[in-house]
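> Predicted coordinates and the sequence they were generated for:
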Amino acid sequence: MEAEQSERNFYQGILQIAVACYHLGNQNQRGAMILLGEGINRLQPYCPTYANLDLETFLSQSAELLAGLQASLPVPPLHLPQLRELTP
């Protein structure tokens, strides 16, 4: 709540994708698709990396998940994207 606007957008994007994954766990594909799309759009300006995180890979995996949902392909929860820290 006290973050600057640029950081706030980053945190909101991460949270939107996290909540999308939560929706998937509850079989709410529509909610997951909406939040995945919003989270991806919110995080794109921070690519390829931000806060020492590999956002390019994270967003690529998130977009792949979204495409699978849109095509009505089953997406097992074990393949949800994870953030990876970059090594300095």
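Received, thanks.

> Against Phe58, how distant is Glu7?
Remark: distance between Glu7 and Phe58 (C-beta to C-beta, to the nearest Å) = 17 Å. C-beta coordinates here come from the backbone N, C-alpha and C atoms, glycine included.

> Of these two, give the one with the bigger neighbour count.
Phe58 (22 against 13; other C-beta atoms under 10 Å).

> Longest helix in the chain, please.
helix 5-25 (DSSP state H).

> Who are the packing partners of it?
On a contact count with 3 or more C-beta pairs under 8 Å, 6 or more residues apart in numbering; DSSP states H and E, helix 5-25 meets helix 29-43, helix 55-70.

> Let's have these in CSV, adding distance to Ala3.
CSV is the format used below for those (distance: least, C-beta to C-beta, whole Å):
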stretch, distance to Ala3
helix 29-43, 14
helix 55-70, 17
